[in-house]
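K.L.:
Sequence and predicted model, in that order:
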Amino acid sequence: MNKEIYEKMGIENKVFDLGNSVLKGLSESFARIDDIAEYNQLKVLNAFRNQGVSEACLHGTTGYGYNDYARETLEKVYADIFCTEDALVRPQITCGTHAIALALFSNLRPGDELLSPAGRLYDTMDEVIGLRDSRGSLKEYGVTYRQVDLLPDDSFDFEGIKKAINEKTKLVTIQRSKGYQTRHSFSVEEIGKLIKFIKEIKPEVTVFVDNCYGEFTEEIEPTYVGADMMAGSLIKNPGGGLAPIGGYIVGKKECIENAAARLTSPGLGKEVGASLEVMRSLYQGIFLAPTVTASAVKGAVFAAAIYEKLGFKVVPSSSEIRHDIIQAVEFNDPDKLIAFCKGIQSSSPVDSFVTPEPSDMPGYESKVIMAAGTFVSGASIELSADGPLRAPYAAYFQGGITWPHVKFGILNTVQCLLSQNLISL
Ligand SMILES: *Cc1c(COP(=O)(O)O)cnc(C)c1O
């Protein structure tokens, strides 16, 4: 049956068979992913029950949004899931970068120093910090930045970190996912060790974690191991593919109050911010997030295994335990990278007929090709891929809100490469 429908959709039998033979070797890995999803599903359900989520929570408010019961309960649900004192979960937080910038700006004051103890941060942070000149950066407000790079073996430079912590160090920022870097993504356990080390040197420092792409990939989250504050995007993992916009910050009460005062206004804080018509999607999204994230992680592992088998370098490898949903495949050939992205695009439920082309992007030196046919524009929890047109011509692949869809998407990329004689089977 399945073979027939794949064939009808342009997947040759030998590609289908390759997929299934690769899958046979992944049963242990998939069972582990399902176990994590099961644990996290119950954790989320428990938070819904604890906080008494009701029918009334699914409706939003307009105008100022005073006494928005739906919004307040959702924030309690997030605080419960992430084991924090408080949370800010808002459609007014426009994206991940905004959530992170909000957490940093609101908890730093002129004269303070921000420390990254684990190397470079996500590209968009350069302008937030002021590493690249930009309007309204932390630098403009008199906040300095210091960075300690990872050691050549990809481990923390504890000695360097100890030296970098000084009387000005107010906030430490750690990024869980590697983003587009070549380092590994940190496990929550590793992050916990780093936090412990830092707090022993300076207990009063605030530790922040950029949790983008990490949520629900493990049973534990950085706030369980000492992070004072953590942020992420709702159009990635915790929105479950349903949230149409939004970001979250969870953490200590004081950190969240600082963030709320900056998001809205001093004096108003968390009390305003109408939830409009998005509450149902935010609730249903976080409820689905554990299994949606599991689908994306399965897709990443499957992509790694199939492209490994085809002889490409993949990061991480198919046997590595995952701490985020990102998979890189190095093609070392622009045509192969482009064919991969075309395969993803034509597998999409929306805009499947569109052909992605490499183009110039603000902030990038080389052309970039992107593939995404998503229900929520730019949502990278949905099946998507991108890659800069420069060596090693790597495709960064992520997302997929159902496992059968990601499986088809990956097989379709293989079919695209095969049909163009870029690989042989
Ligand atoms: C996606 C991402 C961001 C930025 O989020 P946007 O929603 O794209 O602004 C920051 N850090 C990491 C690790 C990310 O993956």
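P.N.:
Received the coordinates, thanks.

K.L.:
Can I get stretch 224-231 in PDB, CA atoms only?
P.N.:
Below are the C-alpha coordinates for stretch 224-231, written out as PDB (Å, rounded to 0.1, in the frame of the first residue of the first chain):
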ATOM      1  CA  TYR A 224      15.900  22.500  36.000                       C
ATOM      2  CA  VAL A 225      19.700  22.700  36.400                       C
ATOM      3  CA  GLY A 226      20.200  26.300  37.600                       C
ATOM      4  CA  ALA A 227      19.300  28.700  34.800                       C
ATOM      5  CA  ASP A 228      17.700  31.800  36.200                       C
ATOM      6  CA  MET A 229      16.000  32.700  33.000                       C
ATOM      7  CA  MET A 230      15.400  31.100  29.600                       C
ATOM      8  CA  ALA A 231      13.700  32.200  26.400                       C
END
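
K.L.:
contacting residues around that stretch?
P.N.:
Contacts to stretch 224-231, defined as C-beta atoms under 8 Å, 6 or more residues apart in numbering, come from residues 82-84, 96, 99-100, 102-103, 107, 174, 188-189, 191-192, 195-196, 199, 206-212, 221-223, 247-252, 255-256, 259. C-beta: built from backbone N, CA, C; applies to glycine.

K.L.:
cutoff 7 Å now
P.N.:
With C-beta atoms under 7 Å, 6 or more residues apart in numbering as the test, stretch 224-231 has contacts from 82-83, 99-100, 103, 107, 188, 191-192, 195-196, 199, 206-211, 222-223, 247-252, 255.

K.L.:
From those, which land in helices?
P.N.:
Among the contacts of stretch 224-231, the residues falling in helices (DSSP state H) are 99-100, 103, 107, 188, 191-192, 195-196, 199, 255.

K.L.:
residues from the chain in reach of the ligand?
P.N.:
For the chain, the contact set with the ligand under C-beta under 6 Å from any ligand atom comprises 95-97, 100, 122, 124, 175, 177, 179, 210, 212-213, 233.

K.L.:
When you filter the ones in helices among the contacts of stretch 224-231 down to buried only, what's left?
P.N.:
Buried members of those, scored by 16 or more other C-beta atoms under 10 Å, are 99-100, 103, 107, 188, 191-192, 195, 255.

K.L.:
List just the nearest of those to Gln327.
P.N.:
Of all these, Val188 has the smallest distance to Gln327: 19.4 Å, by C-beta to C-beta.

K.L.:
Excluding sequence neighbours, find me the nearest residue to the closest one.
P.N.:
Spatial nearest neighbour of Val188, excluding adjacent residues (C-beta to C-beta, 6 or more residues apart in numbering): Ile220 at 4.8 Å.

K.L.:
same thing with Ser384?
P.N.:
Ala372 (3.9 Å).

K.L.:
and what of Glu127?
P.N.:
By the measure of C-beta to C-beta, 6+ apart, the closest residue to Glu127 outside its immediate chain neighbours is Ser134, 3.8 Å from it.

K.L.:
Angles on the backbone of the one you found, please.
P.N.:
Note on Ser134: backbone dihedrals following degrees, to the nearest 10 are phi -160, psi 160.

K.L.:
Next one: it from the ligand, what distance?
P.N.:
Here Ser134 is placed at a distance of 14 Å from the ligand (C-beta to the nearest ligand atom, to the nearest Å).

K.L.:
Kindly report the same for Thr291.
P.N.:
Per C-beta to the nearest ligand atom, Thr291 is found 20 Å from the ligand.

K.L.:
do Phe48 as well
P.N.:
To the ligand, Phe48 is 25 Å away according to C-beta to the nearest ligand atom.

K.L.:
Doesn't that residue belong to a strand?
P.N.:
No - Phe48: not assigned to a strand; according to DSSP: H, G, I helix; E, B strand; the rest coil it is helix.

K.L.:
With adjacent residues omitted, what lies nearest to it?
P.N.:
Val77 (6.2 Å).

K.L.:
now swap in Arg390 and tell me
P.N.:
Nearest non-adjacent residue to Arg390, counting by C-beta to C-beta, 6+ apart: Ser366, 4.3 Å away.

K.L.:
same deal with Asn107?
P.N.:
Asn258 is the one closest to Asn107 (C-beta to C-beta, 6+ apart), at 5.1 Å.

K.L.:
Report how many residues lie close to the residue in the stretch 1-150 of the chain that the ligand sits nearest to.
P.N.:
In the stretch 1-150 of the chain, no residue comes nearer to the ligand than Gly96, which is 2.3 Å away by C-beta to the nearest ligand atom. Residue crowding around Gly96 was assessed by other C-beta atoms under 10 Å; the count is 23.

K.L.:
Cross-check the contact I'm expecting between it and Gly247.
P.N.:
Yes - between Gly96 and Gly247 there is a contact under C-beta atoms under 7 Å: 6.2 Å.

K.L.:
Between those two, which contacts overlap?
P.N.:
Common contacts of Gly96 and Gly247, defined by C-beta under 7 Å, 6+ apart, comprise 232-233.
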